[in-house]
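>>> Any chance you could fold what I've pasted below:
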Amino acid sequence: MERRTFLATGVALPSALRTLAGFGDERAALPEAQGPSSVIARGADERFEELVRLVERQMREHSIPGAAFGVVKDGALLTRALGVTSIEDPRPVTTDTVFELASLSKTVTATAAMALVQQGRLDLDAPVRRYLPSFRVRDASVSASVTPRNLLTHATGWEPRYSVGDGTGALGRWVATMADLSQLAPPGRVWSYDNTGYGLMGHLIEVETGMDFRDALRELVFTPIGLDRASTRLTEIVTWPVALGHRPGRDGDVEVVRPYSMGSSIPAGGVNMSLASLMQFIAFHLGERDADGPLALTRATREAMRAPQLAKEPTTEWMGLGFHLRDLGGVRTAAHGGTAGAGHRCHMQLVPERRLGFAILTSHTEGWRLLQTVERATLEAYEGLTLAPSQPICGYRGHTETLDHVAPLGTQPEPAEYVGRYRGGRDRIVEVRAAPGGGLLIGDSDTPVLFYGPDVCFRSRGDATNHEFIREDGRVRWMRSGGQIARKEAQAPERTEIIR
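Okay, here's the model as predicted:
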């Protein structure tokens, strides 16, 4: 069968539709891993089946070869796997097929960090230097004051330069190169998506456990929770069925992404997991199941991870410890997304007060479109939750969603206080200009961004992109684009010395 013909058929290969034994019983043993032939859940859930049909339609529309979708609601788990692992070797996706989680990995890293907090081995508000005495960045005061809490909440304030090598000791070698990172905001002041902070947290965990980070994740997270198809080692991942990432190729065809990438680093984006294991992880964080042993997080610790830590001003969202938080109709949600270099696009979300959690895994770079559509449909189908008109959002994947629920303000703000030069790091400078017909021109784009609320604006044509302006003492001080900040410069660029 030719590739295009196969994709056009929209083949859907059902996998497990099951319940999790022991949900709601704090002392229950962890359920054993189950494959595609596991027990069928009692009764049908038409909401879930309609959502599966939506996933199928989205897969056909965006030429996505493989996907896996799961919902846990009131202790019952429903899962479905669809499509194939690769267009070149089309084997059926099952709930045990492994996907790269990309930035969903940050929730796993945060879980490991909180295990150390629970054991009294890590203080979230102590200086990082308590654990890594030689740590430093360009700003001496930041080197001395930044904390693990800042790392877990994307509130370090430094520029987002991040490149970690391979092999044992790679994180430690990379941390030694952070000395020239420039500062854009004081630690704890502004939310700015930061892989760098999670890389540093990974090395901190290594130092405190005396283990390679990959081994620490297994001891602190995978084994206590019972995640049998979760790994950070490619040598182990290739022994399981793996969904390869795909992207648009020449002439509209679909091609496999090569090489298979493990992410920018393991702590920020290198965990691989099956849907079956990811749903166990979600159920654990929802409090629908518990794990035995001294290394497992208590329910109180898990709840603390979902408490607001930092406002994502000027939006109405917050950052928790590893989770992005927002309210929909007064109901709190906790979520994360992932964008992998290997082509995977993933999403997970918890609605604890409604006992709802779900995950969507896809194997194509255009999968983010499916994620956004299915995420919103799942929230509405199960709980009637929707974005309010023009509700400001920051997105979950380090960039924003398309903003099809917003409309520009009838009267646009005067551009003068926003216009200027913004520095996003040593090598990134963005100019903001007034657009002739109203709104702003950002960078080299000739498409204006228009305000749809106080200090929040979006590019109104094509794939809408969110931009936010952050104030201090009433004056615009930072611009956030794609989840990352740039600092507004004075007329004469500020001069910063490298502290040696």
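>>> All the strands of the stretch 401-500 of the chain, in order from the start?
Counting by DSSP state E, counting those that start in this stretch, the segments of the stretch 401-500 of the chain that form strands are 420-425, 428-434, 440-442, 449-453, 456-459, 466-472, 475-481, 484-488.
>>> neighbouring contacts of the shortest one?
Read it as strand 440-442. With C-beta atoms under 8 Å, 6 or more residues apart in numbering as the test, strand 440-442 has contacts from 415, 418-419, 430-435, 447-449, 457, 467, 479, 481. Every residue, glycine included, has its C-beta placed from N, CA and C.
>>> same thing but 7 Å
Residues outside strand 440-442 that contact it (C-beta atoms under 7 Å, 6 or more residues apart in numbering): P415, Y418, V430, V432, R433, A434, A435, P448, V449, C457, H467, S481.
>>> Going through these, which ones are buried?
By neighbour count, with 16 or more other C-beta atoms under 10 Å, the contacts of strand 440-442 hold P415, Y418, V430, V432, A435, P448, V449, C457, H467, S481 as buried.
>>> give me the number of residues near the closest residue to the third one other than its chain neighbours?
Put plainly, it is V430. Nearest non-adjacent residue to V430, counting by C-beta to C-beta, 6 or more residues apart in numbering: Y422, 4.7 Å away. Residues within reach of Y422, counting by other C-beta atoms under 10 Å, total 25.
>>> R161 belongs to a helix?
No. With DSSP: H, G, I helix; E, B strand; the rest coil as the criterion, R161 is assigned coil and is not in a helix.
>>> At which residues are the helices of the stretch 251-400 of the chain located?
266-269, 275-286, 299-305, 367-383 (DSSP state H, counting those that start in this stretch).
>>> Can I get the ones you listed in TSV including mean pLDDT, mean neighbour count and distance to I237?
Below are the helices of the stretch 251-400 of the chain laid out as TSV (pLDDT from 0 to 100; neighbours: other C-beta atoms under 10 Å; distance: least, C-beta to C-beta, whole Å):
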stretch	mean pLDDT	mean neighbour count	distance to I237
helix 266-269	94	28	12
helix 275-286	98	25	12
helix 299-305	97	15	26
helix 367-383	96	21	19
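>>> among those, which is nearest G474?
G474 lies closest to helix 299-305 among the helices of the stretch 251-400 of the chain, at 33.3 Å (C-beta to C-beta).
>>> Show me what the closest one is packed up against.
For helix 299-305, the elements it packs on are helix 105-118, judged by 3 or more C-beta pairs under 7 Å, 6 or more residues apart in numbering; DSSP states H and E.
>>> Mind doing that once more with 10 Å?
helix 105-118, helix 275-286 (3 or more C-beta pairs under 10 Å, 6 or more residues apart in numbering; DSSP states H and E).
>>> got the angle for the shortest one vs helix 105-118?
Just to be clear, that refers to helix 275-286. Angle, helix 275-286 to helix 105-118, by axes from the mean of the first three to the mean of the last three C-alpha atoms, to 10 degrees: 40 degrees.
>>> and helix 275-286, how far out from the chain's middle?
15 Å (C-alpha atoms, centre = their mean, to the nearest Å).
>>> biggest separation within the contacts of strand 440-442, which pair?
A434 and S481 (17.2 Å).
>>> The helices and strands packed on helix 299-305: which one's closest to L350?
Closest among those, once you apply C-beta to C-beta, is helix 275-286, at 5.6 Å.
>>> and for stretch 408-416, what are the contacting residues?
Contacts to stretch 408-416, defined as C-beta atoms under 10 Å, 6 or more residues apart in numbering, come from residues 390, 432-435, 437-441, 448-458, 460, 469.
>>> let's see 8 Å
The contact list for stretch 408-416 (C-beta under 8 Å, 6+ apart) reads A434, A435, G438, G439, L440, L450, F451, Y452, G453, F458, S460.
>>> out of the residues you listed, which are buried?
Neighbour-count burial (16+ other C-beta under 10 Å) is assigned, among the contacts of stretch 408-416, to A435, G438, G439, L440, L450, F451, Y452, G453, F458, S460.
>>> Quick check: V254 touching G343?
No. Using C-beta atoms under 8 Å, V254 makes no contact with G343, being 10.1 Å away.
>>> which of these two has more neighbours?
More neighbours surround G343 than the other of V254 and G343, with 26 against 20 (other C-beta under 10 Å).
>>> what's the residue closest to the geometric middle of the chain?
The centre of the chain sits closest to G337, judged by C-alpha atoms, centre = their mean, with a distance of 3.2 Å.
>>> nearest to I205, of the contacts of strand 440-442?
When the contacts of strand 440-442 are ranked by distance to I205 (C-beta to C-beta), S481 comes first, at 30.5 Å.
>>> how many other residues sit next to the residue nearest to M201 when sequence neighbours are not counted?
Taking C-beta to C-beta, 6+ apart as the measure, M201 lies nearest to L151, with 4.5 Å between them; neighbours along the chain are not counted. Neighbour count of L151, defined by other C-beta under 10 Å: 27.
>>> returning to what we had before: now the helices of the stretch 251-400 of the chain in JSON lines, with distance to T402?
What follows is the helices of the stretch 251-400 of the chain, written out as JSON lines (distance: least, C-beta to C-beta, whole Å):
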{"stretch": "helix 266-269", "distance to T402": "22"}
{"stretch": "helix 275-286", "distance to T402": "25"}
{"stretch": "helix 299-305", "distance to T402": "28"}
{"stretch": "helix 367-383", "distance to T402": "7"}
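>>> Switch the buried ones among the contacts of stretch 408-416 over to TSV; also include pLDDT and distance to R487.
Converted to TSV, the buried ones among the contacts of stretch 408-416 look like this (pLDDT from 0 to 100; distance: C-beta to C-beta, whole Å):
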residue	pLDDT	distance to R487
A435	94	22
G438	90	25
G439	93	22
L440	96	17
L450	94	23
F451	95	21
Y452	94	24
G453	95	22
F458	89	22
S460	68	26
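>>> which two from these end up farthest apart in space?
Across the buried ones among the contacts of stretch 408-416, the longest distance by C-beta to C-beta is 17.7 Å; it joins A435 and G453.
>>> and the next element down the chain from the strand or helix carrying L204?
Following DSSP states H and E, one finds L204 within helix 195-209. Going down the chain from helix 195-209, the next helix or strand is helix 213-217, by DSSP H and E.
>>> Which elements pack onto that next one?
Counting contacts by 3 or more C-beta pairs under 8 Å, 6 or more residues apart in numbering; DSSP states H and E, helix 213-217 is packed against helix 105-118, helix 195-209, helix 266-269.
>>> mind giving me the domain ranges of the chain?
Domain segmentation of the chain under automatic domain parsing yields 3-96+241-260+271-298+308-383, 420-488.
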